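Novice: Kindly return the folded structure for what I paste below:
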Amino acid sequence: MSNCDTKHSENGKNWLGILAHLARGFNIGLCLKKTGLAIIGVLIANVLVVLLVTIFAPNLTPPEFPPDSPSESWESHKIAWSRWNLWHEVAGVGGNGSGSVLGLSDLAQSAAEYNALAKALGDEKTFDPSSSTQLEIAKSVLASPVEGISPERAKEIVAKLGIAKPSNRLASWVWFEDRGPNPVLAFGSPGKEGLFERFYNLVKSEISFALEPISKVLLPFYYLIHPNASVGQRFFFLLILGAVVSVWTLIGGMISRIAAMEYTRKQTISIPKAFAYIKARRENYLIAPWLPMVPGGVILLGMVVFGFFHMIPWLGDIVFSGLGWVVMLVSGLVLAVITLGLIGWPIMTVAISVDSDDAFAATTKPYSYLGQKGWLALGSGVFCTVYGSICLIFLCWLGSVGIYLAKWGVSQTPGVVAVGRSPEFLFINAPTTFGWRTLLLDGARIEGNPVVENGVIQVNRLEKYRDSLTANQRTGAFLASGWLYLAVLPLVGVGYSLFWSFLTGIYLLLRRKVDDVEIRDIYLDEEDDPVFAPVVAPDYKPTNSRSTPARESGSTGGCGSVPETSKPGAISLSVLKGPNSGS
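Specialist: This is a model prediction of the structure:
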C-alpha cells in the first residue's frame, strides 16, 4: 500500500473515530438523571420568564393614529406602534385583538397612505382586520380603485392584510410552545402539503428543537439590540437574558459534569455529587458568561461618546464621521466577535465542568477553540444537530404513538361511539406542543364537521365542541390533560439533555485538537473517586485550568487502568496503591 493510501486510510479512521465519539452523546444524553435535571431547568427558567413578563409587560391597547394628522405625528406613531408590536411579539400583549394581525399601521408607509386607507376602510377604531368578515369586505374594497393608492400597492396590502403577527415568543409555557408538526400526523394523515413538504417541515422543526437551549439565550439578546426597543424594554430583555443564562449555566453545568464523567471515565456520578461540584464553583459558572460584556460595554460607551462628536456640524461630518468612521467600523467588528461569546457561552460552562477552569480561563475557551478549530467545531455541531434531530424525531414519534394508542384502545370499546362517549373530549385542554392536541382531537366532530381538518384545528369548531360538553366531561378532560402535561416534560427534557451531552463531547474533542489534552483527562474532586483523585505536592500551586487532571490509559475507567499526571509537581498515580492492593 502506498504512503498516500495509508494516509487516506488513517484519515478515514480518524474521522470515523470522531463521529463515533460524538455519536456517544445520544447514549449519554438519554439518561433519566440528566433528563430529570433538564426538566427542572426548563420549569425554573419558564417560571422566571413568565414572572418577569407578568411584572414588566404593560397591559396596553394598540396606539391610535387620528385621521388627517400631520406627517410629524405619523413618525411618532410608527415608533409607538413598533414598540407595541414588540411587546405583543415577546409577551402576547393585546391578545387576539385587532393588533394581533397586520393592519393599517403596519402596512401604511406614510401618513397620506394611512389616511387614504382609513377613508376607504375606516380607521383603526372601526376597522378590525382580525375579524374575518371585516377582512373580506376590506379586500373587496381594495380590489377596486382607491383614491391615493395605486393598484399595485393595493395588491401588496391585500396580500398581507390580516396575517397573524408573531406573538408570545418569550412568555409561552413549555406545554404550548410551537415545536413543529406532530410526526404521526406528518407521515400518516392527509393534509394540504405533500408528504415531502411535511417531512421537510418536521425535520426543520426538530432541528429548531435540538437547538432550543441556545435559542432561549439568543432570542432575548436579539430583542435587547432590536433597533425599535425602548430603554425600558431593553432593561426587561436584559433581565430575561440574565435569568435564562443563570439557570442554564448551573443546570447545564450539572448535566455536563455527569456527561463528562461518562465520556472520560465511563462511570457516572450522582446528582448530589454533581450539585456539590457546581456549588463549589458557582461564582465561576455565574461570572464567566458575563465577562465578555465588560470590554463590550467599554467599546459601546466609546461609540456613544463618538456619537456626541458626530453631532457637531462640519467637524463631526468631515473629521469624525468622515475620516474617523474607520474607528467605528473596527469597534463594530470587535463587538461582533465579542457577541460570539453568547454563541459559545455553553462551552464556558462545559469547560468549568470538565477542567474546573476559573471564570477568565473558561471565557477564553470559545474564542480559542472556535478561532483555531472553527471548521471542526462547525462540522461537529452540524453532525450532532442533524443526528440529534433524527433521534428526537424518533423519540417524539414514539411518544406520540404511545398517547395516540391510549386513546385508540379506549375508542375500540363496543358501543363507545354510539352512546356519545368517544374519548376525544378528554383532550380539549391537551398540550399543543409537538402537535399533541391536534393528534388527539382528530376524529372529534361538532354539528357533523370535523374539529381537525387537513391537520389543523378549526378554532371556532373547537369552541363549539367545548361548549357542547357537560360539566363532568370538562372535569374529566381537565384531569386527563394533567397526565399529558406530565408526559410532555420528559420529551422536552431529553432534548435539553442531548444538547448538553453532545456539547460536552464536542468540547472534549476540541480540547484534544487545540490543547493536546487526552479526551480521558478530567478534573476530579477527591469525593469523585478517592483512589484516582490527583495528589498534588504541597509546594505546587496550579496555574491553569488543567491543574489536576487524572488521565486513564485503560478503557473501562476501573482500577486496572494506569492514570498519568500531566503537570509538574503532581505525583504519578501509578505509584499509588489502592486500599486493597496490599503493602
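Novice: can you give me the helices for the stretch 351-500 of the chain?
Specialist: Taking DSSP state H, counting those that start in this stretch as the criterion, the stretch 351-500 of the chain carries its helices at 359-372, 374-411, 436-441, 459-467, 471-515.
Novice: quick one: contacts for the spatially most central residue of the chain?
Specialist: The geometric centre of the chain, computed from its C-alpha atoms, lies nearest to residue 212 (Cα atoms, centre = their mean), at 2.5 Å. Listed by Cβ atoms under 8 Å, 6 or more residues apart in numbering, the contact partners of residue 212 are 179, 495-496, 499. In this view, the C-beta of every residue, glycine as well, is placed from N, C-alpha and C.
Novice: any low-confidence regions in the stretch 201-350 of the chain?
Specialist: In the prediction, the stretch 201-350 of the chain carries residues with pLDDT under 70 at positions 341.
Novice: In the record's domain split, what are the boundaries for this protein?
Specialist: With domains defined by automatic domain parsing, the chain comprises 19-57+187-523, 58-170, 529-583.
Novice: Which of those domains has the lowest mean pLDDT?
Specialist: If those are sorted by mean pLDDT, domain 529-583 sits at the bottom with a mean of 40.
Novice: what about the helices in the stretch 201-350 of the chain?
Specialist: 212-224, 231-265, 271-280, 282-287, 293-310, 325-343, 345-355.
Novice: Indicate which one of those helices is closest to residue 473.
Specialist: Nearest of these to residue 473, taken as Cβ to Cβ: helix 212-224 at 34.6 Å.
Novice: the inter-axis angle of the closest one versus helix 471-515?
Specialist: Orientation check (axes from the mean of the first three to the mean of the last three Cα atoms, to 10 degrees): helix 212-224 against helix 471-515 gives 90 degrees.
Novice: Past the strand or helix carrying residue 79, which element shows up next along the chain?
Specialist: Secondary structure assigned from DSSP states H and E places residue 79 in helix 71-91. Stepping forward along the backbone from helix 71-91, the first helix or strand reached (DSSP H and E) is helix 104-107.
Novice: And the contacts of that following helix?
Specialist: When contacts are taken as Cβ under 8 Å, 6+ apart, the neighbours of helix 104-107 outside the stretch itself are 62-63, 65, 77-78, 81, 85, 114, 117-118, 121, 123-124, 127, 129, 156-157, 160-161, 165.
Novice: most packed of the helices of the stretch 351-500 of the chain?
Specialist: Compared across those, helix 436-441 shows the largest average neighbour count, a mean of 24 (mean count of other Cβ atoms under 10 Å).
Novice: show me where the stretch 51-200 of the chain has helices.
Specialist: Secondary structure of the stretch 51-200 of the chain (DSSP H, counting those that start in this stretch): helices at 71-91, 104-107, 111-121, 132-142, 151-160, 183-188, 195-210.
Novice: Need the CA coordinates for the shortest one. CSV is fine.
Specialist: By that I understand helix 104-107. The C-alpha trace of helix 104-107 is given here as CSV (Å, rounded to 0.1, in the frame of the first residue of the first chain):
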residue,chain,number,x,y,z
LEU,A,104,-53.3,49.7,8.6
SER,A,105,-50.5,51.0,10.9
ASP,A,106,-48.3,48.0,9.9
LEU,A,107,-48.8,48.3,6.2
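Novice: Just to check, residue 30 is in contact with residue 494?
Specialist: Yes. Using Cβ atoms under 8 Å, residue 30 is in contact with residue 494, at 6.4 Å.
Novice: Could you give me the ChimeraX syntax to select whichever of the contacts of helix 104-107 are buried?
Specialist: Listed next is the ChimeraX selection for buried residues among the contacts of helix 104-107, using 16 or more other Cβ atoms under 10 Å:
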select :62,63,65,77,78,81,85,114,117,118,121,123,124,127,129,157,161
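Novice: hmm, back to that, dump the helices of the stretch 351-500 of the chain into JSON lines; add distance to residue 15 as well.
Specialist: Compiled in JSON lines, the helices of the stretch 351-500 of the chain are given as follows (distance: least, Cβ to Cβ, whole Å):
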{"stretch": "helix 359-372", "distance to residue 15": "19"}
{"stretch": "helix 374-411", "distance to residue 15": "9"}
{"stretch": "helix 436-441", "distance to residue 15": "39"}
{"stretch": "helix 459-467", "distance to residue 15": "50"}
{"stretch": "helix 471-515", "distance to residue 15": "12"}
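Novice: Residue 36: which of the ones you listed is closest?
Specialist: Among these, if distance is taken as Cβ to Cβ, the winner is helix 471-515, at 7.0 Å.
Novice: What's the local residue count around residue 145?
Specialist: Other residues within reach of residue 145 by the criterion other Cβ atoms under 10 Å amount to 10.
Novice: just to revisit the earlier point, out of the helices of the stretch 51-200 of the chain, which is closest to residue 505?
Specialist: Go through these one by one with Cβ to Cβ and the one that ends up closest to residue 505 is helix 195-210, at 14.3 Å.
Novice: Okay then, goodbye and thanks.
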